[in-house]
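Asker: Here is my input, please return the structure:
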Amino acid sequence: MKKLFLSITLTALLTGCVTLPSFWDDNQSSKAVHVWQDIKQINCDSDYRWQVIKLKEDLEWFVLYSKAKGTNDVLVIAETMNETVVPFSTKQDLSPAYCNIKKKLLDKQGEALSKAVLGRY
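Answerer: Numbering: from 1, shown residues only. Have a look, this model is predicted:
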């Protein structure tokens, strides 16, 4: 009986490890949080252009890394964020109101990206 229990337990553990692949990636996880932090640090009451450019660069790194790795699940979120960031980073003389609207939208997207990446096992 003891051998049967041990055999079943060992089989369940091995099967579980084989059928539940790990998608954790330290680099991707770290960069996702950096992207969200970049968004949080945007100050719409000052010259925020350099902050948005930093965000754009970090997001571009994340997109390229995700494409190279083939992690399409989070790539969709990142590319959607990129569609929000690119016009934000290229327009001149934007009002603080426009900046705040973009920042709120990006904050939600950054949170979704971070939770999606960090929620993997």
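
Asker: Cys44 - nearest residue in space that isn't next to it in sequence?
Answerer: Of all residues not flanking Cys44 in the chain, Cys99 sits nearest, at 3.6 Å (CB to CB, 6 or more residues apart in numbering). C-betas here are computed from N, CA, C, even on glycine.

Asker: and the one you found, what helix or strand is that in?
Answerer: Using DSSP states H and E, Cys99 sits in helix 96-118.

Asker: Return the list of helices and strands in contact with that helix.
Answerer: Packing partners of helix 96-118 (3 or more CB pairs under 8 Å, 6 or more residues apart in numbering; DSSP states H and E): helix 26-40, helix 72-90.

Asker: which of those helices has the lowest average pLDDT?
Answerer: Least confident of those, judged by mean pLDDT, is helix 72-90 with a mean of 90.

Asker: what is the orientation angle of that helix with helix 96-118?
Answerer: Orientation check (axes from the mean of the first three to the mean of the last three CA atoms, to 10 degrees): helix 72-90 against helix 96-118 gives 160 degrees.
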